[in-house]
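**Q** give me the fold of what follows.
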Amino acid sequence: MHFGVDYYPEHWPEERWETDARLMREMGVEVVRLAEFAWHKLEPSMGEFDFSWLERALSVLDSQGIKAILGTPTAAPPAWLAESTPEILPVDSRGTVMGFGGRHHVCHSSAAYRSRVEGIVRAMARRFKGDGKVIGWQIDNELGNSQKELCHCESCARAFRAWLRRRYGTIDELNRRWGTVFWSQTYDSFDQVPTPRATPNAHGPSLLLDWRRFRSDLLAEFLEFQAGILREEVPGVFITHNMMGFADQVDYFRMGRSLDFVSHDQYVTGFWERSGDYRPHRYAANLDLMAALKRRSFWIMEQQAGQTGWEILGPDPEPGQLALWAAQSVAHGADAVVFFRWRSCTVGTEQFWHGILPHSGVPGRRYCELKSFISSLRPVMDEFEGALSEAEAAILFSYDEEWALGIQRQHPELDYVEQVLAYYKAFHDRNVPVDFVGEDGDFGRYKLLVAPLMYLCDQALASKLSDYAKRGGALVLTMRSGVKNADNVCMSDAPLPGALLGEALGIEIPEYDCLRMRSETIAFEGKNYSGSKWLDVVELKGARAAASCVGGRHAGCPAITEADFHDGKTYYVATEPDDALLDAFVGRALADAGVAPIGETPRGVELVRRRTDASDYVFALNHSSEARSVDAPPSWKKIVGESILGPRSFSVYRIDR
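**A** Residues are numbered from 1 along each chain as shown. Predicted coordinates:
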């Protein structure tokens, strides 16, 4: 199963279903996802189930050779449930009970809600157990999509306090580690610890970080709860969940543990995008993060198939872009691409979230483009199924770091994910495969490791990073490293960036400067660049200055340092480099570490690799609006596409080893 669509037969007259199934088959669709928002249709009243319409839809699809993934419909609880058990409705930070409507209008800790979830999930699983038309299950939909600050109800307050008891054991230990003596916030019992509701001033950063961790764990545990039901009722059938790239509500590394493989929703011209710039590296990074979660290939459960929009619309994809974006997903590790949606809906919030078919249901440009795409790529998909890039460079990604820096940004424009993506772009622009790796991951797999903004860095993590460099790795750390421990409390045992990191880097940082409304001129390898937002004022303690500030108060201050450390090498980037400086520095670090690109390409062409035991499969993706030529070596055998890449097109090469 390599290509599919998200289908909502309940939105259309039943007499249309056969036409849809036939058009899907002719397009090359092999699988559909359905029912993930159909709770009321499946359970019209409490405990009264009606699966007959879904059974008929599955039979119509099966008659055309199309299998199904069923979604548990728990993202959209029906009105009868909110009416009968209003305690399932979430409460915001000001104590306001949120109303029924939209989706995810629930408290995930609510026992009443969990009871009804178990009812619908178990009933669905038992009805479709052993049904060959159903090949897998998706749990809920985009957990974290609508949660934001929620929920502050009494159920969640009790669950948060129980979580804190497990973490700290005693209230005295919590007080000690949080430093609650500040502002007389000491607690006499766990029952006094609040959820971070609205307050005249800010809550303590330790409480806020643990609240983010608790909320993440609650959503992950809710997924685990459903996965346990499905594994009990339908063993042997795969279970997945559709994630959302760098969304910040859930630690996806944790969530991925309960899944057979992860899935992802990939939207490039989303209506929520504020920038008109088309930035292929951002969408490549989404995909590489998905591959990192379980270190295996994944599915795209929602691939953009048209113009996106709720109240506001995104731009209409250019001809060729839908196929190009789907090819990018496959190139970065997707074994299956399911397009959202089959047909543009005429009702509800997503009336202007366009599908493969327009509102009229008449096939047009999008249908033809994706039909051609499927026919070109399907013949080779089996050859690299399960394969990933096998990168020699990695970027450390941590949800704790993102959450902690979101609580105290320090510079109003400092953003953890944007910093991570800036380093990712430097690799992407050079066609160098790069993995993401979590703090628990195996650093030793890589020649070069970049760890941006390691703001929370306790002894265990500092030791792991130091040992990586000591054993021969090339380690890049950046500004604001080693500032706090895992409790979001400032370190005080040694000057920044801490004793272990300071020794590995050969530096000390006695002070720092928040660069508000100004920047620093940085000299590197004979050229001047710019650094902004922050400057750690570095003192060399064995390291060498690779780049330095020019002029002004910080003239001569090292901006990038390098040091030999046992069998490895370390670098420290003390500011936020502009794109040109970051590109030049990463180029030097790659050369020092002996990491080579896949190949050289004209501007706008991305090279991506999937590596099997026998061959490399290289995708050449032309994101530009002009034709581009790829100078492929003789060993590259073209198996899809043309040697001259047309605007917004792609080719695939096989390199046998």
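
**Q** which strand of the protein spans the most residues?
**A** strand 507-524 (DSSP state E).

**Q** after that strand, which helix or strand is next? Please name it.
**A** strand 527-540 (DSSP states H and E).

**Q** name the helices or strands packed onto that following strand?
**A** Helices and strands touching strand 527-540, as assessed by 3 or more C-beta pairs under 8 Å, 6 or more residues apart in numbering; DSSP states H and E, comprise strand 507-524, strand 544-550, strand 558-565, strand 575-577, helix 579-593. (C-beta placed from N, C-alpha, C; glycine too.)

**Q** dump that strand to CSV, keeping only the CA atoms.
**A** Coordinates of the C-alpha atoms in strand 527-540 are reproduced here as CSV (Å, rounded to 0.1, in the frame of the first residue of the first chain):
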residue,chain,number,x,y,z
LYS,A,527,34.8,38.0,5.2
ASN,A,528,32.4,40.0,7.3
TYR,A,529,29.0,38.6,8.3
SER,A,530,26.4,39.4,11.0
GLY,A,531,25.3,38.0,14.3
SER,A,532,22.1,38.9,16.0
LYS,A,533,19.8,38.4,19.1
TRP,A,534,22.5,37.2,21.5
LEU,A,535,26.2,37.2,22.2
ASP,A,536,27.9,35.1,24.8
VAL,A,537,31.0,37.0,25.8
VAL,A,538,33.5,34.1,25.5
GLU,A,539,36.9,33.8,27.2
LEU,A,540,39.3,31.3,25.6
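
**Q** angle of it against strand 544-550?
**A** If you take axes from the mean of the first three to the mean of the last three C-alpha atoms, to 10 degrees, strand 527-540 sits at 120 degrees to strand 544-550.

**Q** which residues are contacting strand 527-540?
**A** Here strand 527-540 makes contact (C-beta atoms under 8 Å, 6 or more residues apart in numbering) with 410-411, 413-414, 479-480, 496, 506-515, 519-523, 547, 549-550, 554, 557-559, 561, 572, 574-578, 580-581, 584.

**Q** same question, stretch 191-207
**A** With C-beta under 8 Å, 6+ apart as the test, stretch 191-207 has contacts from 93-95, 152, 156-157, 160-161, 164, 174, 177-180, 182-183, 185, 187, 208, 211, 404, 407-408, 487-489.

**Q** and the end-to-end length of it?
**A** One end of stretch 191-207 sits 14 Å from the other (C-alpha to C-alpha, to the nearest Å).

**Q** stretch 482-498 too?
**A** Length of stretch 482-498, first residue to last, C-alpha to C-alpha: 6 Å.

**Q** for PyMOL, write the selection for the buried entries among the contacts of stretch 191-207.
**A** The PyMOL command for the buried members of these (criterion: 16 or more other C-beta atoms under 10 Å) is given here:
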select buried, resi 152+156+157+160+161+164+174+177+178+179+180+185+187+208+211+404+407+487+488+489
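
**Q** the contacts of stretch 191-207 in helices, which ones?
**A** Among the contacts of stretch 191-207, the members found in helices (DSSP state H) are Cys156, Ala157, Phe160, Arg161, Leu164, Leu174, Arg177, Trp178, Leu208, Trp211, Ala404, Ile407.

**Q** on the pLDDT front, check the fifth one for me.
**A** Going back to what we said before, that points to Leu164. On pLDDT, Leu164 comes in at 98.

**Q** Trp211 is in contact with that one, correct?
**A** No. Leu164 lies out of contact with Trp211 (C-beta atoms under 8 Å); the separation is 9.8 Å.

**Q** who are the contact partners of the residue lying closest to Val437 once chain neighbours are set aside?
**A** Nearest residue to Val437 in three dimensions, chain neighbours excluded: Ala394, at 4.6 Å (C-beta to C-beta, 6 or more residues apart in numbering). Residues in contact with Ala394 (C-beta under 8 Å, 6+ apart) are Val434, Asp435, Phe436, Val437, Gly441, Phe443, Arg445, Tyr446, Leu448, Leu449, Val450.

**Q** give me the buried subset of those.
**A** In the contacts of Ala394, the ones that pass as buried (16+ other C-beta under 10 Å) are Val434, Asp435, Phe436, Val437, Gly441, Phe443, Tyr446, Leu448, Leu449, Val450.

**Q** could I get the phi/psi values of the first one?
**A** Pointing back at Val434 there. Backbone torsions for Val434, taken as degrees, to the nearest 10, come to phi -140, psi 130.

**Q** so what pLDDT did it get?
**A** Val434 is assigned a predicted lDDT (pLDDT) of 98.

**Q** what's the separation between it and Ala589?
**A** For Val434, the distance to Ala589 (C-beta to C-beta, to the nearest Å) stands at 12 Å.

**Q** how about Trp403?
**A** Distance, Trp403 to Ala589, by C-beta to C-beta: 28 Å.

**Q** Lys638 too?
**A** In terms of C-beta to C-beta, Lys638 sits 32 Å off from Ala589.

**Q** between the two, which one's more packed in?
**A** Counted by other C-beta atoms under 10 Å, Lys638 and Ala589 do not tie: Ala589 has more neighbours, with 23 against 15.

**Q** hang on, isn't the more buried one packed against Leu449?
**A** No. Contact criterion C-beta under 8 Å: Ala589 and Leu449 do not qualify, at 10.2 Å.

**Q** which residues are common contacts for these two?
**A** Joint contacts of Ala589 and Leu449 (C-beta under 8 Å, 6+ apart) are Ala474, Val476.

**Q** for Ala545, give me the pLDDT.
**A** At Ala545, the pLDDT recorded in the model is 98.

**Q** tell me the contacts of it?
**A** Applying C-beta under 8 Å, 6+ apart, the residues near Ala545 are Pro558, Ala559, Ile560, Thr561.

**Q** make it 6 Å
**A** Residues near Ala545 by C-beta atoms under 6 Å, 6 or more residues apart in numbering: Pro558, Thr561.

**Q** kindly state the beta-bridge partners for it.
**A** Per DSSP bridges, the residues bridged to Ala545 are Thr561.

**Q** check the gap between it and Gly531 for me.
**A** In terms of C-beta to C-beta, Ala545 sits 13 Å off from Gly531.

**Q** and if you look at Asn141?
**A** Taking C-beta to C-beta as the measure, Asn141 falls 42 Å from Gly531.

**Q** in terms of neighbours, single out the busier of those two.
**A** When neighbours are counted by other C-beta under 10 Å, Gly531 comes out ahead of the other of Asn141 and Gly531, with 26 against 23.

**Q** tell me how far stretch 144-154 is from the chain's mean position?
**A** Offset of stretch 144-154 from its chain centre (C-alpha atoms, centre = their mean, to the nearest Å): 19 Å.

**Q** same question for stretch 224-242.
**A** Relative to the chain's own centre, stretch 224-242 is displaced by 22 Å; criterion: C-alpha atoms, centre = their mean.

**Q** CA atoms only for it, dumped as CSV, please.
**A** Only the C-alpha atoms of stretch 224-242 are listed here, as CSV (Å, rounded to 0.1, in the frame of the first residue of the first chain):
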residue,chain,number,x,y,z
GLU,A,224,-1.5,4.6,24.8
PHE,A,225,-4.9,4.0,26.4
GLN,A,226,-6.5,3.6,23.0
ALA,A,227,-3.6,1.6,21.6
GLY,A,228,-4.0,-0.9,24.5
ILE,A,229,-7.6,-1.4,23.6
LEU,A,230,-6.9,-2.0,20.0
ARG,A,231,-4.0,-4.4,20.7
GLU,A,232,-6.2,-6.4,22.9
GLU,A,233,-9.1,-6.5,20.4
VAL,A,234,-7.4,-6.6,17.0
PRO,A,235,-3.9,-8.0,17.5
GLY,A,236,-1.6,-8.1,14.5
VAL,A,237,-3.1,-5.0,12.8
PHE,A,238,-0.9,-1.9,12.6
ILE,A,239,-1.6,1.1,14.8
THR,A,240,-0.5,4.6,13.9
HIS,A,241,-1.2,8.3,14.6
ASN,A,242,-1.0,11.4,12.4
